[in-house]
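>>> Below is the sequence, then the predicted model.
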Amino acid sequence: MCPVNVVVIHQSRTGNTQRAAELIGGAVEAEGNTVAVRPVTNIDFKELADADLVFVGTWVDGLILFGHRPGDAGKVRSIPKLWDKSVVAFMTHAVNPGNAAAKLAGVLEGHGADVIAARSLNRRRLDVEAPTFAVEALATARA
Ligand SMILES: Cc1cc2nc3c(=O)[nH]c(=O)nc-3n(C[C@H](O)[C@H](O)[C@H](O)COP(=O)(O)O)c2cc1C
């Protein structure tokens, strides 16, 4: 299968989403693709322009039972416009993500992205959930 160029961008306060990004990056690389993992504050514009697939992740902010939304959405919006890029939205949460992943997908679509998948990952099960999601998203991107 043709290798793809992937960039994984993350916004993380306590390290969970960064860890998810690194696990996603590892799974993408293990499938024979090129990958760069970057915090939102350190994006390489050329690398992003050359990417075939971009993962964008942040944490779930909310009141556990309601009010779920992408954490630090302003920082997510600070990344360059993603016109015509295939984008995967990912998040990490503690107990209940509500509809935050769909909201992150909406933020990214507002940023020009073609969102092909969106999911929140439980911070206690990142080892399993992050690589599984990455492989599923890659398959969707290649379909
Ligand atoms: C202000 C605040 C609100 C949060 N709200 C929720 C929530 O509604 N549901 C949930 O499952 N986790 C919630 N969390 C937990 C975070 O989403 C979770 O710990 C996440 O993995 C943090 O990511 P980070 O380590 O990358 O910053 C909240 C955390 C904070 C700080």
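The structure has been received and is ready for your questions.

>>> How is Leu23 assigned, secondary-structure-wise?
helix (DSSP: H, G, I helix; E, B strand; the rest coil).

>>> excluding its backbone neighbours, what's nearest it?
In space, and not counting its chain neighbours, Leu23 is closest to Ala130: 3.7 Å by C-beta to C-beta, 6 or more residues apart in numbering. Glycine gets a C-beta too; all of them are placed from N, C-alpha and C.

>>> Can you show me the strands along this structure?
5-10, 34-39, 53-61, 69-70, 86-93, 114-122 (DSSP state E).

>>> Can you say which of those is packed in most?
strand 86-93 (a mean of 26; mean count of other C-beta atoms under 10 Å).

>>> and it, which strands flank it?
strand 53-61 (parallel), strand 114-122 (parallel) (DSSP bridges).

>>> What's the nearest residue in this protein when you look at the ligand?
Gly62 (2.7 Å; C-beta to the nearest ligand atom).

>>> Tell me who's in contact with that residue.
Residues counted as contacts of Gly62 (C-beta atoms under 8 Å, 6 or more residues apart in numbering) are His68, Arg69, Asn96, Pro97, Gly98, Ala100.

>>> so the second one sits right up against Ala102, yeah?
No: under the contact definition of C-beta atoms under 8 Å, Arg69 does not touch Ala102, with a separation of 10.4 Å.

>>> Give me the longest helix you can find in the protein.
Criterion DSSP state H: the longest helix present in the chain is helix 126-142.

>>> Next, the distance between the ends of stretch 7-16.
18 Å (C-alpha to C-alpha, to the nearest Å).

>>> Appreciated, that's everything.
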